[in-house]
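Visitor: Predicted model and sequence follow; I will ask about them next.
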Amino acid sequence: MATPIEFIKENELAWQPSFSGDLSNDTYGYRGALIIEPGKQISPDRKLPPKIQAKQVIIISEAEKIKFLTCELESFHHLAPMVEKYKDFFTSEGLYLLYVTDLEKAGTFEYEGIKFTAFPLDESSVWNELLDLADLEKSDMKRLKKQEEKIETLYDELLDTNVEESSKTYDEMLTFVGESSKQLMGAV
């Protein structure tokens, strides 16, 4: 079986990666976006942007399993196709944190035997939300020079943090889906 990063590369599922490389202890890190549903192929060398993607992704994988995954999903309904595409790499021992723009309440739930914790995402970034969750200061993270150190430091802190929300079923989580509340930032 391929490693998660081999699968991502072989199937051209990486989208705008900012980091992809070895971490310590035989782990591998990835930061960027992941394609869940590709865009239409409009010519042999041109493809439209993905129809569905996981944004602001951070992955730590070891051998054939994803130990840690966090990302932004535009809709909670994108979880099912994401799990379908990457399910061979999830493990019951993994830490999987989702930030969802159309979710109105947080919860920890199981889907296809995998435990996820999902949070609403309004205006912040996944990175900033994770720093808050892990009680890490941005200034401390900025002192770390390498992307690898930042990813590993964040992950280590999250492992020592209670990241779970109140227990829900997947069907209960579906009732928390509302309108996207994320505010687009940019020129006014």
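Guide: Nice, I can see it.
Visitor: host element of the one residue sitting closest to the centre of the chain?
Guide: Closest to where the C-alpha atoms of the chain average out (C-alpha atoms, centre = their mean) is residue 71, at 2.2 Å. Secondary structure from DSSP states H and E places residue 71 in strand 65-73.
Visitor: from the middle of its chain, how far away would that strand be?
Guide: Offset of strand 65-73 from its chain centre (C-alpha atoms, centre = their mean, to the nearest Å): 4 Å.
Visitor: what's that strand packed up against?
Guide: Where contact means 3 or more C-beta pairs under 8 Å, 6 or more residues apart in numbering; DSSP states H and E, strand 65-73 is packed against strand 52-62, helix 79-86, strand 95-100, helix 126-134. In short, each C-beta sits where N, CA and C put it, glycine included.
Visitor: Residue 164: which of the ones you listed is closest?
Guide: strand 95-100 (9.8 Å; C-beta to C-beta).
Visitor: on that earlier part again, okay, the angle between the strand holding residue 71 and helix 79-86?
Guide: 150 degrees (axes from the mean of the first three to the mean of the last three C-alpha atoms, to 10 degrees).
Visitor: tell me the angle strand 65-73 makes with helix 126-134.
Guide: 110 degrees.
Visitor: what does strand 65-73 rub up against?
Guide: Contacts with strand 65-73, where a contact means C-beta atoms under 8 Å, 6 or more residues apart in numbering, come from 4, 27, 34, 54-61, 79, 82, 86, 89-91, 93-101, 121, 126, 130, 155, 158.
Visitor: Equivalent analysis for stretch 165-179, please.
Guide: By C-beta under 8 Å, 6+ apart, stretch 165-179 touches 75-77, 102-111, 117-119.
Visitor: I'd like the average pLDDT over it.
Guide: Averaged across stretch 165-179, the pLDDT comes to 95.
Visitor: what does stretch 35-52 give?
Guide: For stretch 35-52, the per-residue pLDDT averages 91.
Visitor: which parts of that stretch are buried?
Guide: 35, 36, 38, 50, 52 (16 or more other C-beta atoms under 10 Å).
Visitor: returning to that earlier point: buried members of the contacts of strand 65-73 into PyMOL, please.
Guide: A single PyMOL command is used to select the members of those judged buried by 16+ other C-beta under 10 Å:
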select buried, resi 4+27+34+54+55+56+57+58+59+60+61+79+82+86+89+90+94+95+96+97+98+99+100+101+121+126+130+155+158
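Visitor: got any ranges where this protein has weak pLDDT?
Guide: Along the chain, the parts satisfying pLDDT under 70 run over 180-188.
Visitor: Break down it into its helices, ranges please.
Guide: For the chain, the helices defined by DSSP state H occupy 4-10, 79-86, 126-134, 138-143, 147-159, 170-174.
Visitor: Fine, thanks again, bye for now.
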